[in-house]
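**Q** can't give you the sequence, but here's the structure:
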């Protein structure tokens, strides 16, 4: 058995009836893990595969909703990143500031940052 699946099985053995949350990069990965567990003969009905964003929405959603904050527009990420880039102090190396006014730079940087975060880099 693969190490990841073995760890999940060991994780659930002490209390097999308890609900367990497992963070996965995408729900498709969670479904694949569940399917592989089932094919291996392990019950996984109490496992909850979820993404970090979905878990954050479950935890912070009620508080943010009570404060009147609604779901963030998908286009706001690049705009925020570009504003942070332009607001950097002058003593910080310029890197991308020279091309900040070029079309598509904010979206490209946002995509790169998102990919790094999904890969677990910081």
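**A** Great, that's in hand. Quick caveat, the model's predicted, so the values are computed rather than measured. Numbering: from 1, shown residues only.

**Q** strands along the chain, start to end?
**A** Across the chain, reading from the start of the chain, the strands by DSSP state E fall at 20-23, 47-50.

**Q** quick one: those strands as JSON lines, columns for mean neighbour count, mean pLDDT and distance to residue 118 too.
**A** Using the backbone N, CA and C atoms, a C-beta is placed for each residue, glycine as well. Formatted as JSON lines, the entries for the strands of the chain read as follows, by neighbours: other Cβ atoms under 10 Å; pLDDT from 0 to 100; distance: least, Cβ to Cβ, whole Å:
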{"stretch": "strand 20-23", "mean neighbour count": "14", "mean pLDDT": "86", "distance to residue 118": "12"}
{"stretch": "strand 47-50", "mean neighbour count": "18", "mean pLDDT": "87", "distance to residue 118": "15"}
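
**Q** how much space between residue 8 and residue 38?
**A** For residue 8, the distance to residue 38 (Cβ to Cβ, to the nearest Å) stands at 12 Å.

**Q** list residues touching both of these two?
**A** Taking Cβ atoms under 8 Å, 6 or more residues apart in numbering as the contact criterion, the residues that touch both residue 8 and residue 38 are residue 44.

**Q** neighbour count for the two, which is higher?
**A** When residue 8 is set against residue 38 and neighbours are counted by other Cβ atoms under 10 Å, the residue ahead is residue 8, at 22 against 12.
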